[in-house]
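# 3D model of this:
(2 chains)
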Amino acid sequence: DAEITQSPRHKITETGRQVTLACHQTWNHNNMFWYRQDLGHGLRLIHYSYGVQDTNKGEVSDGYSVSRSNTEDLPLTLESAASSQTSVYFCASSEGGADQETQYFGPGTRLLVL
Amino acid sequence: AQSVAQPEDQVNVAEGNPLTVKCTYSVSGNPYLFWYVQYPNRGLQFLLKYITGDNLVKGSYGFEAEFNKSQTSFHLKKPSALVSDSALYFCAVTDKLIFGTGTRLQVFP
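Model prediction:
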């Protein structure tokens, strides 16, 4: 069955370190998204991609970067981790198109920045 | 600014009673409206969506939602709540990539 996976599921890092969170989908979806979930804020969009070599900034993109070199993967990099980036991170994908906006979510990565 | 609002942080309902989780939106154009559910330590799961057509849409697990253009609302409903419905529910306008802040539904036996 097609799925979307995230790794690691849990990560503890120190302030200032570079961290990369992996996201891999086997749906063959064009669109991929990264969100962070924080209490009181719901889901907020970090970056998104509508295809290979396409990346776009979301609402809370500062301090994060992504690259899309193939259809299946959209890794999220925290360039220099900060305590404010402690959060739960969700990756999602969708097929795209007018009636295909349903997003499929990964299980999440819980990141703690000390 | 475009937004999605879920005015209630938590909704409590007794098992067997009807439930409503509220959502209002403020976006330009014709929105694609979605409801997702999140169980503890899991990612979000699709429940139902409104793209166009019949204002009443039916989804998974007996849930339904009514699109009301004049009130810019898309409330989630279920005629008879189950304890297993207890979870976090998100309203979203996914073509605008906007999610609400979530409503925790607690169903008591």
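# What are the buried residues along stretch A:18-31?
Buried residues in stretch A:18-31, counted by 16 or more other Cβ atoms under 10 Å in any protein chain shown: A:19, A:21, A:23-25, A:27, A:29-31. Where C-beta positions appear, they are placed from N, C-alpha and C, glycine not excepted.
# Please read the previous query as pertaining to stretch A:101-110.
So for stretch A:101-110, counting by 16+ other Cβ under 10 Å, buried means A:101-106, A:108-109.
# List, one by one, the residues from chain B near chain A.
B:6, B:32, B:34, B:36, B:41-46, B:49, B:51, B:90, B:92, B:94-95, B:97-102 (Cβ under 8 Å from any Cβ of the partner chain).
# In strands, which of those residues fall?
Taking DSSP state E, the ones among the residues of chain B next to chain A that sit in strands are B:34, B:36, B:44-46, B:49, B:90, B:92, B:98-99.
# Any of these buried? List them.
B:34, B:36, B:44, B:46, B:49, B:90, B:92, B:98-99.
# Centroid-nearest residue for chain A?
The geometric centre of chain A, computed from its C-alpha atoms, lies nearest to residue A:34 (Cα atoms, centre = their mean), at 2.7 Å.
# residues in contact with the closest residue to it other than its chain neighbours?
Counting by Cβ to Cβ, 6 or more residues apart in numbering or on different chains, residue A:34 lies nearest to residue A:46, which is 4.3 Å off, once chain neighbours are set aside. Residue A:46 makes contact with A:34-36, A:58-61, A:64, A:66, A:76, A:89, according to Cβ atoms under 8 Å, 6 or more residues apart in numbering or on different chains.
# what's the pLDDT at residue A:46?
Residue A:46 carries a pLDDT value of 96.
# in its sheet, what does the helix or strand harbouring it sit against?
Using DSSP states H and E, residue A:46 sits in strand A:42-51. Sheet pairing for strand A:42-51, assigned by DSSP bridges, gives strand A:31-38 (antiparallel), strand A:54-57 (antiparallel).
# Comparing the ones you listed, which comes out most buried?
Among the strands paired with strand A:42-51, strand A:31-38 has the highest mean neighbour count (mean count of other Cβ atoms under 10 Å in any protein chain shown), at a mean of 24.
# Taking the buried residues of stretch A:18-31, tell me the two that lie furthest apart.
A:19 and A:30 (26.3 Å; Cβ to Cβ).
# residues contacting the nearest residue to residue A:105 once chain neighbours are set aside?
Closest residue in space to residue A:105, ignoring its immediate chain neighbours: residue B:43 at 3.4 Å, by Cβ to Cβ, 6+ apart. Applying Cβ under 8 Å, 6+ apart, we find residue B:43 in contact with A:4, A:90, A:92, A:105-108.
# What sits closest to residue A:86 if chain neighbours are left out?
Here the residue nearest residue A:86, using Cβ to Cβ, 6+ apart, is residue A:113, at 4.9 Å.
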